[in-house]
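1. Here's my sequence, what's the structure:
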Amino acid sequence: MLTINLQTEDLVFRDISKENLKDVLELFNQNENNMYATGIDRKMSIIDMNEKYLEVLVNSHEFFVGIFLNSDEYVDSSQLVGVLKGRVDYENCDEAWISSMLIDAKFQHKGIGKNATNEFIRFLNRSYDIKRIFIGILSSNEIGKKFWQRMGFSYIRTIEQYIKLNNHTEDFIIMRKNVS
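-> Numbers count the residues shown, from 1 in each chain. Model (predicted):
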């Protein structure tokens, strides 16, 4: 797993540890919209979460990062408010993929997702010389599409009938942001 330890004025990014998995599971299962970030059409189990964690743990190109608040307003800085998961590309080492990005519903619409995404992209650029960031979203995820467009990501292509969720086949949209 890529080691990520980043502290900004408002946020702390730390590698997810085994001790965080229960909180991450709660976040992933928080609401129906979060299945867009997981690609799983059911609530995740602790077994599912452990498997995802082990997949990342043994891969030196992948990251699984918890987002925590770094603020006097929130005394408990150990409270997980979000998760970023993805990888630096194996073949094109100046590219990275964000496969999941979730912010706790209690903290949405407060700029935390935007701030976390911008800070994390800057970190990847500075620390790993990442020049392009890719994301993939399900075609029916209108909220996700709007968020990533506001973050400066542009449409690249669509993979038709990529995944089956709730007995319905979904297309997968790939978007990219060039980082300067």
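2. what's the distance between L138 and G144?
-> Counting by CB to CB, to the nearest Å, the gap from L138 to G144 is 8 Å. To be clear about C-beta, it is placed using only N, CA and C from the backbone, and glycine gets the same treatment.
3. Check the secondary structure at G136 for me.
-> Following DSSP: H, G, I helix; E, B strand; the rest coil, G136 is assigned to strand.
4. Wait, it touches W97, no?
-> Yes: in this structure, G136 is within contact of W97 by CB atoms under 8 Å, at 7.5 Å.
5. Give the residue spans of this structure that score low on pLDDT.
-> 35-41, 71-78, 165 (pLDDT under 70).
6. all strands for it, in order.
-> Secondary structure of the chain (DSSP state E): strands at 5-7, 11-15, 62-69, 80-88, 95-103, 132-138, 154-165, 168-178.
7. Out of those strands, which gets nearest to Y53?
-> strand 62-69 (6.7 Å; CB to CB).
8. Name the strands paired with the closest one and say parallel or antiparallel.
-> strand 11-15 (antiparallel), strand 80-88 (antiparallel) (DSSP bridges).
9. Hmm, F153 is touching I174, no?
-> No: F153 lies out of contact with I174 (CB under 8 Å); the separation is 9.6 Å.
10. any residues in contact with both of those two?
-> I135 (CB atoms under 8 Å, 6 or more residues apart in numbering).
11. Give me the more crowded residue out of the two.
-> Counting neighbours by other CB atoms under 10 Å for F153 and for I174 shows that F153 has the greater number, 21 against 16.
12. Skipping adjacent residues, who's closest to the more buried one in space?
-> Using CB to CB, 6 or more residues apart in numbering and skipping residues adjacent in sequence, the residue nearest F153 is M175, 4.0 Å away.
13. show me the residues around that neighbour that make contact.
-> M175 neighbours (CB under 8 Å, 6+ apart): F134, I135, G136, I137, W148, Q149, F153, S154, Y155, I156.
14. Generate a PyMOL selection restricted to the buried entries among the residues you listed.
-> In PyMOL, this line selects whichever of these come out buried by 16 or more other CB atoms under 10 Å:
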select buried, resi 134+135+136+137+148+153
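15. Out of the contacts of M175, which comes closest to K110?
-> Closest to K110, out of all of the contacts of M175 and judged by CB to CB, is W148, at 18.1 Å.
16. so how far is K177 from the closest one?
-> Distance from W148 to K177, by CB to CB: 8 Å.
17. what do you get for G144?
-> 14 Å.
18. For the two, work out which one has more neighbours and name it.
-> G144 (20 against 17).
19. The more buried one against G136, yeah?
-> No: using CB under 8 Å, G144 makes no contact with G136, being 9.8 Å away.
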